[in-house]
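A.B. asks: Build the 3D model from these lines:
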Amino acid sequence: MGKILKIILVIFIVILFAVLGLFIYSEGHSEVIGENDLGSVTKVTYGHSSNPSVEIGIVSGMHSRELNHKFVLPLVSRVFAFFNPDVRIVNYVVNVTDHPEDFYIGRANGESLVHDYVVKDVAKEDLDLVIIGHDHEPTYGEDYYVATPTMDNASVKLASKVTKDIGFNYYKRNASQPTQSTSIANVDNPIVETGTRVFVYEIPEVDGKVNAFKRSYDLVTASFNRLNA
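C.D. replies: Just a heads-up that it's a prediction; the model follows:
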């Protein structure tokens with residue numbers, strides 16, 4: 001019995017060190033790229049290739065009350081980059097400190113931070129795609145979905161393929177109609193103007209974090225595969 005316990009203990013220690021090694025090795029390079037009275041933006045870069053075949057930006061925390069994507073997307077960024085050496089993932093972590101719990105003020109502050117700091121950084125990068133994370137209420141959209149509010153050809157073409165690959169819903173906007181969305185004017189359009197595709201990615205706010213992680217990982221995987229094709 002004592003011998004079996006020793007073997008189990010050794011196996012446990014090996015697994016523990018393996019997990020610890022994964023955690024250390026997969027840690028990204030982190031830097032604050034902008035900070036003001038509204039909050040801050042931290043840029044966390046994952047990837048070990050000097051010449052990645054695909055580069056994806058992921059924005060989390062822009063709308064501060066949406067907690068599901070804020071938890072899941074940084075983890076997806078880290079894990080996906082670890083298991084896919086040909087990718088570089090840039091996670092823009094937005095931290096709204098001025099009225100983060102206020103629906104309207106918090107949203108406006110997050111969009112302002114992204115407009116002022118993320119858009120400028122994306123313009124200096126050579127990203128193939130930027131995914132902007134959100135949570136949605138049960139009455140706003142259906143299940144997991146991607147939208148392309150800018151309706152530029154590059155984003156639409158990629159979104160049509162990716163959503164079909166993984167069974168996501170895809171919402172298009174009638175670009176001939178005016179929009180009052182502040183995020184389209186302040187965030188989506190300026191990013192597209194840098195020559196970068198944009199997905200607005202919506203997670204059901206009532207779904208569990210395990211499934212949210214899986215479906216988000218599916219989205220990044222399908223995006224990577226299509227961009228790498």
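A.B. asks: Would you agree residue 219 falls within a helix?
C.D. replies: Yes. Judged by DSSP: H, G, I helix; E, B strand; the rest coil, residue 219 forms part of a helix.
A.B. asks: Could you pull up the residues touching it?
C.D. replies: 131, 144, 146, 162, 166, 168, 199, 201 (C-beta atoms under 8 Å, 6 or more residues apart in numbering). In short, each C-beta sits where N, CA and C put it, glycine included.
A.B. asks: which helices and strands sit right next to whichever helix or strand the first one is part of?
C.D. replies: With secondary structure defined by DSSP states H and E, residue 131 is part of strand 129-136. Using 3 or more C-beta pairs under 8 Å, 6 or more residues apart in numbering; DSSP states H and E as the contact criterion, the elements in contact with strand 129-136 are strand 54-60, helix 67-83, strand 197-204, helix 209-227.
A.B. asks: before we move on, back to that, quick one, which of the contacts of residue 219 are buried?
C.D. replies: 131, 144, 146, 162, 168, 199, 201 (16 or more other C-beta atoms under 10 Å).
A.B. asks: Look up how far residue 203 lies from the second one.
C.D. replies: So the one you mean is residue 144. 6 Å (C-beta to C-beta, to the nearest Å).
A.B. asks: And for the fifth one?
C.D. replies: Residue 168 sits 11 Å away from residue 203 when distances are taken as C-beta to C-beta.
A.B. asks: okay, and the common contacts of these two?
C.D. replies: 144, 215.
A.B. asks: low-confidence ranges in the protein?
C.D. replies: Regions of the chain meeting the criterion pLDDT under 70 cover residues 1-3, 5-7, 9-10, 12, 14-26.
A.B. asks: Next secondary structure element downstream of the strand holding residue 131?
C.D. replies: That would be, after strand 129-136 and using DSSP H and E, strand 145-147.
A.B. asks: Quick check: which helices or strands does that following strand pack against?
C.D. replies: helix 153-166, strand 169-171, strand 197-204.
A.B. asks: Any chance of TSV for those, columns distance to residue 53?
C.D. replies: Shown next, in TSV, are those (distance: least, C-beta to C-beta, whole Å):
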stretch	distance to residue 53
helix 153-166	15
strand 169-171	25
strand 197-204	16
